[in-house]
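Colleague: structure for this input, please:
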Amino acid sequence: MGELEKVQVGEHVAAIGSPLGLEGTVSDGVVSAIREISGKKWIQTTAPASHGNSGGPLLDMSNHVIGVITLGVNPELGQNLNFAVPCDEIAAMLISARQQAQPLDSANGNTSGALSEGKLWTSLTSGHDFNLRQDGDYLYVEWTNIPAEAKSGGAFTGGELKKNSDGNWRGVQHSRFPCAYTRGVGAYAQSYTNWCSRNTEIELHFVSSTRIEGLSVAPEKFNCMKCEPLGKEQQKPFTWIPR
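Modeller: Numbering: from 1, shown residues only. Just a heads-up that it's a prediction; the model follows:
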């Protein structure tokens, strides 16, 4: 593990991940900036990242993990704008991961605790912020920091989960989102944006005051023109931490 205070703007870095399902892909770039957004620090990098890079390490040239790739800006809005959770945040998460996780059903009656409404949770995979609201055996999840340009078009992500006898919460997440694709080749290529709706399974199986873990279902690829998943549907783990 590296140290954030030793990370220098302009230094060479490499990202490892599975963009679009291509496992073990390495891309390189530089550290563009160390930014503070809503009280949290982020490493901005030019190392190319696509869907599938999230959760992969960002390394310096001494093989130190200085961050974990988390999110990127739509290439149509800005080129080579990708962000990583700094190594200091990762170290804190690893320490909390060694602590005993609390099953969700043991927190059912605690309306002022980890599942209380108004407390935001940030996904280490996507960078999305979520609000959780519990109503008895039901749990409602809403993505709150939707980009303004997408939200104005009607984008949303929300889910409903129900407590099961094993203590886990399972349900469905509903999403409506803009999906860009290109038709034609070369000079005849034209870009289009389709608004797609999708329902996916989601499960939460551990929660503590510092961490929530779960699984969601995602396809290997997605056909934006037809709004249809391509390839095998896979369960993807995710971790949320309090913002």
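Colleague: ok, which stretches of the protein are helices?
Modeller: Here the chain has its helices, by DSSP state H, at 87-97, 148-151.
Colleague: worst mean pLDDT among those helices?
Modeller: The weakest mean pLDDT among the helices of the chain belongs to helix 87-97, with a mean of 69.
Colleague: so how far is Glu142 from Ile90?
Modeller: Distance from Ile90 to Glu142, counting by Cβ to Cβ, to the nearest Å: 26 Å. Every C-beta, even on glycine, is put in place using the N, C-alpha and C of the backbone.
Colleague: any idea how this protein splits into domains?
Modeller: The chain resolves into domains spanning 4-86, 104-242 when parsed by automatic domain parsing.
Colleague: so what's the gap between the last one and the chain middle?
Modeller: Spelled out, it's domain 104-242. In terms of Cα atoms, centre = their mean, to the nearest Å, the centre of domain 104-242 is set 9 Å apart from its chain centre.
Colleague: beta-bridge partners for the closest residue to Ser216 other than its chain neighbours, please?
Modeller: With Cβ to Cβ, 6 or more residues apart in numbering as the measure, Ile202 is the residue that lies nearest to Ser216, at 4.8 Å, once sequence neighbours are left out. Beta-bridge partners of Ile202, counted by DSSP bridges, are Gly171, Ser216.
Colleague: I'd guessed Ile202 sits against Thr157; true?
Modeller: No: applying Cβ atoms under 8 Å as the test, Ile202 and Thr157 come out as separate, 10.2 Å apart.
Colleague: what about Thr122, neighbour count?
Modeller: 21 (other Cβ atoms under 10 Å).
Colleague: quick one: pLDDT of the nearest residue to it once chain neighbours are set aside?
Modeller: Of all residues not flanking Thr122 in the chain, Arg243 sits nearest, at 4.6 Å (Cβ to Cβ, 6+ apart). On pLDDT, Arg243 comes in at 76.
Colleague: so how far is Phe177 from Arg243?
Modeller: 22 Å.
Colleague: for those two, indicate the residue with more neighbours.
Modeller: Using other Cβ under 10 Å, the more surrounded residue of Arg243 and Phe177 is Phe177, with 19 against 14.
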